[in-house]
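Novice: My questions concern the predicted model and sequence given below.
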Amino acid sequence: MSIQASSPILYTIPESFESERLLIRAPLWGDGAMVNEAIRESMEELRTWMPWARQIPTVEESEINIRRARLEFLDRTDLRLLLFLKETGQLIGSSGLHRIDWEARKFEIGYWLRTPFSHKGYMTEAVEAITNYAIHELHANRIEIRCDGRNTRSSRVAERQGYTLEGILRQEKCAQDGSLRDTMVFAKVRGIEF
């Protein structure tokens, strides 16, 4: 069935695609160990920005999380994507399309990068490829990127990819330290930015 089928579970969408340097694909059974390794290596940085990074998961917890993500991908309720270097096959981060509204064709791109691979343009490249995937394969009408108002590296990725800052939700979420933080909302909308 095509992407126009009546129920999202019937949508036929690619589970992998490539950019210049990256293979981007849906999670598979068995990916938990490599995701766990990347989280462990990047925990100090992740803990600052990611609500789920309060403690280091076990390998089993990471595998359970990956298996749930696989099921959600198949169910079309959340489309997590893993980022691999084409040259070496090494996992360098995770992204995906979240908070999906299939009726409105609205998606939110979330992302994190393994610490040693920061500052090399990989996330900007991944977001460009995922944006194109959402536009061409999923027929997106709206794509958002939301980030902590203090996370300048994340906001720069959105800006470099031509996302428009639509607003700042003031004191909208609790940060890891319990303080209230602002959330920046960037978006691309069909007919305007694409």
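Specialist: Yep, that arrived. Residues are numbered from 1 along each chain as shown.
Novice: ok, then the element right after the strand or helix carrying residue 147?
Specialist: Here residue 147 is covered by strand 142-148, with elements defined by DSSP states H and E. Following strand 142-148 in sequence order, the next helix or strand is helix 152-160 (DSSP H and E).
Novice: Show me what whatever helix or strand comes next after that following helix is packed against.
Specialist: Downstream of helix 152-160, the first helix or strand assigned by DSSP H and E is strand 164-174. Strand 164-174 is packed against helix 152-160, strand 180-189, with contacts defined by 3 or more C-beta pairs under 8 Å, 6 or more residues apart in numbering; DSSP states H and E. Every residue, glycine included, has its C-beta placed from N, CA and C.
Novice: For residue 29, find the nearest of those.
Specialist: For the helices and strands packed on strand 164-174, the distance to residue 29 is smallest for helix 152-160, at 29.7 Å, taking C-beta to C-beta.
Novice: part of a strand, is residue 95?
Specialist: Yes: according to DSSP: H, G, I helix; E, B strand; the rest coil, residue 95 belongs to a strand.
Novice: Number of residues surrounding it?
Specialist: Residue 95: 22 surrounding residues under other C-beta atoms under 10 Å.
Novice: so how far is residue 109 from it?
Specialist: 6 Å (C-beta to C-beta, to the nearest Å).
Novice: How about residue 188?
Specialist: If you go by C-beta to C-beta, the gap between residue 188 and residue 109 works out to 10 Å.
Novice: Residue 144 now?
Specialist: Residue 144 is 7 Å from residue 109, by C-beta to C-beta.
Novice: residues shared between the contacts of residue 188 and residue 109?
Specialist: 131, 143 (C-beta atoms under 8 Å, 6 or more residues apart in numbering).
Novice: one step back: mutual contacts of residue 95 and residue 109, please.
Specialist: Shared contacts of residue 95 and residue 109, counting by C-beta under 8 Å, 6+ apart, come down to 127, 130.
Novice: Double-check residue 19 against residue 126; I have them as touching.
Specialist: Yes: counting by C-beta atoms under 8 Å, residue 19 touches residue 126, with 6.6 Å between them.
Novice: So between those two, which is more surrounded?
Specialist: Neighbours per residue (other C-beta under 10 Å) separate residue 19 from residue 126, with residue 126 holding more: 25 against 19.
Novice: Mind telling me what element the more buried one is part of?
Specialist: According to DSSP H and E, residue 126 maps onto helix 122-136.
Novice: what's the angle between that helix and strand 180-189?
Specialist: Helix 122-136 and strand 180-189 meet at an angle of 50 degrees, taking axes from the mean of the first three to the mean of the last three C-alpha atoms, to 10 degrees as the criterion.
Novice: ok, residues contacting helix 122-136?
Specialist: Taking C-beta under 8 Å, 6+ apart as the rule, helix 122-136 contacts 14, 17-22, 24, 81, 83, 92-93, 95-97, 107, 109, 111, 113, 140, 143, 145, 157-158, 160-161, 188, 190, 194.
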